[in-house]
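> this is a predicted model, with the sequence first.
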Amino acid sequence: MTAAINLQKAGWDVEVHERKNYCGKHTRDFQFLENWTSDEDVLEFLKRMNIDVNFYLKPVKKVQIFSPTFKQYDGYSENPLMYLVKRGPQEKSIDQSLEKQARRQGVRFIYNTKLPKNEADIMAIGIKKPNIVTLGALFQLDMEDKAALILDNSLSPRYYSYFIVDEGVGEITCISPFPEAKNIEIFLGKTIKTFENIFRIRVEQTEEFSAVGSFDFLRKAKINHQYYIGEAAGFHDCFLGFGMIYAFRSGFLAAQSIIEKKDFDHLWKKDFLKQLEVAEKNRKLFNGFSNYHYERIIKLLHSRNPIVRRLLGGKDMQGIMKKVYRNSVSLFLRPLIRNSPLTLPLKFNRWSSKS
């Protein structure tokens, strides 16, 4: 829809073909729009892409991180670390907002369509071959707003589980790669019990939702006459799983490529290829982490050693995340986690990017 908005605004006649009878994500849940991929606040970045920021969003400046033994680190940020947004077919969701903005520009929407793929110019059809799955639960909860995550391979192997509370609605989600995803229901049950123990809450009457993801991205996203954007191109942060900013960016750049007759692959590679590659390296590293390493990470985050703090990117959580997403964490994390099985030589699970 970002591509559609910008093309229509530039005078092109745009049709959006949607397989469902509405646009956007099929689940009603929360997601975070990350605010560490550049020095510019992401909301200003969206405005430069002709996106009206009129959807529901809430700045998040604090996140609680727990180790497998419940050791806690409270990460604070002076500026918003990320923005919580609503997804799916619900009021004020980012999906519905973009659809309305596109309509105001004059974009035509055709629902329940089965347009042959070769007749489309821009491909945004989602994931072809998933390699991770998420399963979550939504529920009512009388609790202050909160964002928390736990690193524990018994809950989300090689990833993390998270807990969100926003205006009386709670969400608990776990993530699993294949083939462990066959146990995702078990993982979610254990994750819910874990957060119940941590925060002394009771989760009842849950509504489950699920989604899949893929961390293989195309090295060439303009194939013949078609532009592949967002998840269709695998443009996704394969380290922690954030992806909306890459959907916005690639949609905008596809429109610019068409409008200005510029090479699409050159545009997106210049803009965010390095970030994708850094995330890929970090994912390789974390694929080899055990719960022991997660305990060490929490300990490192608590360190007051000025050298350690400088290596980590300072005390501000946004600064830490910017460092992580601009450099492979192996450059500064590996020498810090010594006296452990992670000491050189490292052995990683195989990770490939398909073109």
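Cool, got the structure. Note that the structure is a prediction, hence the values are computed from the model and not measured.
> any regions of the protein where pLDDT drops low?
For the chain, the stretches flagged by pLDDT under 70 are 330-355.
> contacts only, for A247.
2, 124, 229-231, 235 (CB atoms under 8 Å, 6 or more residues apart in numbering). Every residue, glycine included, has its C-beta placed from N, CA and C.
> TSV for these, including secondary structure, neighbour count and distance to G251?
As requested, these are exported to TSV (DSSP: H, G, I helix; E, B strand; the rest coil; neighbours: other CB atoms under 10 Å; distance: CB to CB, whole Å):
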residue	secondary structure	neighbour count	distance to G251
T2	helix	25	4
A124	coil	23	7
I229	coil	26	5
G230	helix	25	7
E231	helix	22	11
F235	coil	24	10
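> just the residues you listed now: which is nearest L155?
Checking the contacts of A247 against L155 with CB to CB, the nearest one is E231 at 24.7 Å.
> assess the claim that that closest one and G243 are in contact.
Yes: with contact defined as CB atoms under 8 Å, E231 reaches G243; the gap is 6.8 Å.
> of the contacts of A247, which pair is most distant in space?
T2 and E231 (13.5 Å).
> so S176 bridges to which residues?
V133 (DSSP bridges).
> from A147, how far out is it?
S176 is 21 Å from A147, where distance means CB to CB, to the nearest Å.
> repeat for S161
12 Å.
> what about the two, which has more around it?
More neighbours surround S161 than the other of S161 and A147, with 27 against 22 (other CB atoms under 10 Å).
> and F272, what does it touch?
Applying CB under 8 Å, 6+ apart to F272 gives the contacts 37, 235, 246, 249.
> quick one on the thing from earlier: identify the contacts common to E231 and G243.
With CB under 8 Å, 6+ apart as the test, E231 and G243 both reach G213.
> out of the contacts of A247, which comes closest to I307?
F235 (35.5 Å).
> just give the nearest non-adjacent residue to the closest one, would you?
Spatial nearest neighbour of F235, excluding adjacent residues (CB to CB, 6 or more residues apart in numbering): Y246 at 4.0 Å.
> wait, what's in contact with the one you found?
Here Y246 is in contact with 230, 235-237, 272, 276 (CB under 8 Å, 6+ apart).
> and these as a markdown table, adding distance to Q256?
Formatted as a markdown table, these follow (distance: CB to CB, whole Å):
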| residue | distance to Q256 |
| --- | --- |
| G230 | 15 |
| F235 | 15 |
| H236 | 21 |
| D237 | 22 |
| F272 | 14 |
| L276 | 19 |
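> among those, which one lies nearest to A211?
Proximity of these to A211 (CB to CB) peaks at H236, which lies at 11.8 Å.
> count the neighbours of that closest one for me.
Neighbours of H236 using other CB under 10 Å come to 24.
> for it, list the residues it contacts.
H236 sits next to 213-215, 217, 242-243, 246 when contact means CB under 8 Å, 6+ apart.
> where do the helices of the stretch 151-300 of the chain begin and end?
Ranges of helices in the stretch 151-300 of the chain, per DSSP state H, counting those that start in this stretch, are 184-199, 244-260, 264-268, 274-286, 291-301.
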